[in-house]
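**Q** I would like to see how this sequence folds:
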Amino acid sequence: MTTRILLIEDDQELNELLSEFLSLENFHVDQAFDGEQGLNMALNGQYDVLVLDIMMPKMNGLDLLKQFRISHKTPVLMLTARSDEVDRIVGFEMGADDYLPKPCNPREISARIRAILRRVEMDKSGLEASGKRQIIIREDVELNHNTRIVSKQGETIDLTSTEFNLLASLLAKAGQVLSKEELTENALGRKLALYDRSVDMHMSNLRRKLGPFVSNEPRIKTIRGVGYQYVINA
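**A** Residues are numbered from 1 along each chain as shown. Alright, predicted model coming up:
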């Protein structure tokens, strides 16, 4: 089955270049050249991945993403200015799955799309849960692999698919330190790239949503230069 991509990018030359390249990579690509057009197509089409620029006329990419996430969980790959980390952080908070700084190589975009699709397929097939308990409980947090629902003290926590995968990896090895390389592969379906802060940003959102223990101690510790650890609360 052909993978359908919606490319939302106002730079017409770049849009055409990426569309042509992705078509050669056997993706079906629809194009949008401003935010309003992109949102309308995203809401009314059946797409497997959205590739979304941030700075666009009529509606910027962050506003588009916010409205789209109200009703759709389709994976979104953001394209951001190389130095604009604030946009990346806000984008992740609104539910983006991954990002690439511009200018970027079309081959890297293709690779990121394929990584997202692999991760989505793993989520659907339950391969990530193989060999693990279907329900993991750590203190007041419960994670259910079958329903992909996380709750704390009985209240459901709204996590993105990437945040769920990160938490599942941490809870399965609570008390152990997991490297950023391992977490990137588990949550994003790809290798860790140089200067890649995707996991750090997703982890920041995850910490905010989970909150600390009742003792006010952090649930997730950063082990500088290594990775992250879900703390076993004594």
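
**Q** could you point out which element follows the helix or strand of the chain with the lowest mean pLDDT?
**A** Every helix and strand in the chain was compared by mean pLDDT, DSSP states H and E; the lowest is helix 85-93, with a mean of 77. Next helix or strand after helix 85-93 toward the C-terminus (DSSP states H and E): strand 98-102.

**Q** elements contacting that next one?
**A** Counting contacts by 3 or more CB pairs under 8 Å, 6 or more residues apart in numbering; DSSP states H and E, strand 98-102 is packed against strand 76-81, helix 85-93, helix 106-125. C-betas here are computed from N, CA, C, even on glycine.

**Q** The second one - contacts with which helices or strands?
**A** Read it as helix 85-93. helix 61-68, strand 76-81, strand 98-102, helix 198-210.

**Q** so who does the residue nearest in space to the middle of the chain touch?
**A** The chain has residue 97 as the residue nearest its centroid, 2.0 Å off, counting by CA atoms, centre = their mean. Taking CB atoms under 8 Å, 6 or more residues apart in numbering, we find residue 97 in contact with 75-77, 116, 160-162, 188.

**Q** Now tabulate those residues in CSV and tack on neighbour count.
**A** As requested, the contacts of residue 97 are exported to CSV (neighbours: other CB atoms under 10 Å):
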residue, neighbour count
75, 22
76, 28
77, 20
116, 23
160, 23
161, 17
162, 27
188, 24
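
**Q** which among those residues gets closest to residue 4?
**A** residue 75 (11.9 Å; CB to CB).

**Q** so what's residue 110 closest to, chain neighbours aside?
**A** residue 25 (4.9 Å; CB to CB, 6 or more residues apart in numbering).

**Q** Tell me the spacing between the one you found and residue 104.
**A** 15 Å (CB to CB, to the nearest Å).

**Q** low-confidence ranges in the chain?
**A** Within the chain, the segments meeting pLDDT under 70 span 82-84, 122-133, 234.

**Q** Which residue ranges make up each domain of it?
**A** Residue ranges for the domains of the chain, per automatic domain parsing: 3-125, 127-230.

**Q** Could you identify which of the ones you listed is most buried?
**A** Comparing the domains of the chain by mean neighbour count (mean count of other CB atoms under 10 Å), domain 3-125 comes out on top with a mean of 18.

**Q** so how far is that one from its chain's centroid?
**A** Centre-to-centre, domain 3-125 and its host chain are 11 Å apart (CA atoms, centre = their mean, to the nearest Å).

**Q** wait, residue 42 sits on residue 67?
**A** No. Using CB atoms under 8 Å, residue 42 makes no contact with residue 67, being 9.1 Å away.

**Q** quick one, what contacts residue 208?
**A** Residue 208 touches nothing, counting by CB under 8 Å, 6+ apart.

**Q** run the last query once more with 10 Å
**A** The contact partners of residue 208, taken as CB atoms under 10 Å, 6 or more residues apart in numbering, are residue 93.

**Q** Equivalent analysis for residue 141, please.
**A** Residue 141 neighbours (CB under 10 Å, 6+ apart): 150-153, 157, 167, 171, 174, 210, 213, 219, 230.

**Q** In this structure residue 111 contacts residue 190, no?
**A** Yes. Residue 111 lies in contact with residue 190 (CB atoms under 10 Å); the separation is 7.1 Å.

**Q** Restricting to C-alpha, output the least confident helix or strand of the chain in PDB.
**A** Provided in PDB are the C-alpha atoms of helix 85-93 (Å, rounded to 0.1, in the frame of the first residue of the first chain):
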ATOM      1  CA  GLU A  85      14.900  25.800  19.500                       C
ATOM      2  CA  VAL A  86      11.900  27.500  21.000                       C
ATOM      3  CA  ASP A  87       9.700  26.400  18.000                       C
ATOM      4  CA  ARG A  88      10.900  22.900  18.400                       C
ATOM      5  CA  ILE A  89      10.100  22.800  22.100                       C
ATOM      6  CA  VAL A  90       6.600  24.300  21.500                       C
ATOM      7  CA  GLY A  91       6.100  21.900  18.600                       C
ATOM      8  CA  PHE A  92       6.900  18.900  20.700                       C
ATOM      9  CA  GLU A  93       4.500  20.200  23.400                       C
END
